[in-house]
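Student: Just the structure for this:
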Amino acid sequence: MGTIAVTGATGQLGSRVARMLAERGEPQRLVVRDPSRAPDLDGAEVAVASFEDGPALRAALSGVETLFMVSAHESADRMPVHRGVVAAAAAAGVERVVYTSFMGASPLATFTFAREHSLTEQLIVESGLRLTALRNSLYADMLPLFVQDGEIRGPAGRGRIAWVARRDVARLAVATLLDPAHADRIYDVSGPEPLDMDASARVLGEVTGREVRYVPETDEEARASRAGAEEWQIDGWAGSYKAVATGETSVTSHTVEHVTGERPWTLEEFLRNEPESWRHLA
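Tutor: Next up is the predicted model:
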């Protein structure tokens, strides 16, 4: 294996990937903005660069064969940032990118950010880099954050979500980073069971011991409830729920188990194994 670079190593997903690589004794390069926040891991060197700093990023990726590219934070101008990352990787001689995409990524996706993920996948391929796309379902880790005053509100209708834990996405990412046979692949990544929002709220309530219910909203009600936010934020927030309603997030794949040999957690298993995710609700 050539050098593996991990972006987002100070974040929720990237840090898990970095720790798992270190536990396997794999050398890696952590690309971070702030070196003081980089995890202290055996076999890991630290390179300082932001996604927006092309020259620094090219230097940080010099000699790297495989890049774990965690998508940039949602913003009004995320695509120019992604273009810069892909250009820097290509210029540095990176061969393959394992990219955190989104379930249902498509130019015509209901969810605006899923359209951006589709464009980023296309950029990677057109740059000559080999792509491994992890099209992740909604993170189970996020569900407790949707609760406001005991309610989850949004225009999700009766659509279903196969919630996936970041822990399982990280396990899959490590497996694909270490095996070049996963090049030129697009994987749907989900948990093992699709649940509608009523069932999701019920599971969350049973585990946390507090009442949680889902309140369906119309598109108009959803947008009105976020009045005052920027338009791109409202489009993204409402679009994520609408993608659930249309069925774009309901795919239940066997990717995690097939590649790693271990079944991913159900939503309930995740909540019981990582109670810190919902501690604020208690």
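
Student: any weak-confidence spans in the stretch 51-200 of the chain?
Tutor: For the stretch 51-200 of the chain, no stretch is flagged by pLDDT under 70.

Student: just the strands in it please.
Tutor: In the stretch 51-200 of the chain, the segments counted as strands under DSSP state E, counting those that start in this stretch are 64-69, 96-102, 130-136, 151-154, 160-161, 185-189, 195-196.

Student: Kindly export stretch 190-198 (C-alpha atoms) in PDB.
Tutor: What follows is stretch 190-198, C-alpha atoms only, in PDB (Å, rounded to 0.1, in the frame of the first residue of the first chain):
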ATOM      1  CA  SER A 190     -27.000   2.000   5.000                       C
ATOM      2  CA  GLY A 191     -28.000   0.300   8.200                       C
ATOM      3  CA  PRO A 192     -29.800  -3.000   8.200                       C
ATOM      4  CA  GLU A 193     -33.400  -1.800   8.500                       C
ATOM      5  CA  PRO A 194     -35.500   1.000   6.900                       C
ATOM      6  CA  LEU A 195     -37.700   2.900   9.400                       C
ATOM      7  CA  ASP A 196     -40.300   5.600   8.800                       C
ATOM      8  CA  MET A 197     -40.000   8.700  11.100                       C
ATOM      9  CA  ASP A 198     -42.800   7.500  13.400                       C
END
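
Student: Can you pull out the residues in contact with that stretch?
Tutor: 103, 136-137, 140, 152, 154, 156, 158-165, 168, 203, 213-214, 216, 244, 250-253, 255-257, 263-267, 270 (CB atoms under 8 Å, 6 or more residues apart in numbering). No exception for glycine: its C-beta is placed from N, CA and C like everyone else's.

Student: are any of the residues you listed buried, and which?
Tutor: With neighbours counted by 16 or more other CB atoms under 10 Å, the contacts of stretch 190-198 contain buried members at 103, 136-137, 140, 152, 154, 156, 159-165, 168, 203, 214, 216, 244, 250-251, 253, 255-256, 264-267, 270.

Student: For the residue nearest to the spatial centre of the chain, name its beta-bridge partners.
Tutor: The centroid of the chain falls nearest to Thr100 when counting by CA atoms, centre = their mean (5.2 Å). Assessed by DSSP bridges, Thr100 has beta-bridge partners Leu134.

Student: and it, what is it in contact with?
Tutor: Here Thr100 is in contact with Leu13, Met69, Val70, Ser71, Leu134, Asn136, Val169, Ala173 (criterion: CB under 8 Å, 6+ apart).

Student: and which of those residues is nearest Ala89?
Tutor: Set against Ala89, the nearest of these by CB to CB is Met69 (7.5 Å).

Student: What's the local residue count around the residue lying closest to Ala162 once chain neighbours are set aside?
Tutor: In this structure, Ala162 finds its nearest non-sequential neighbour in Ser190, 3.6 Å apart by CB to CB, 6 or more residues apart in numbering. Residues lying near Ser190 (other CB atoms under 10 Å) number 27.
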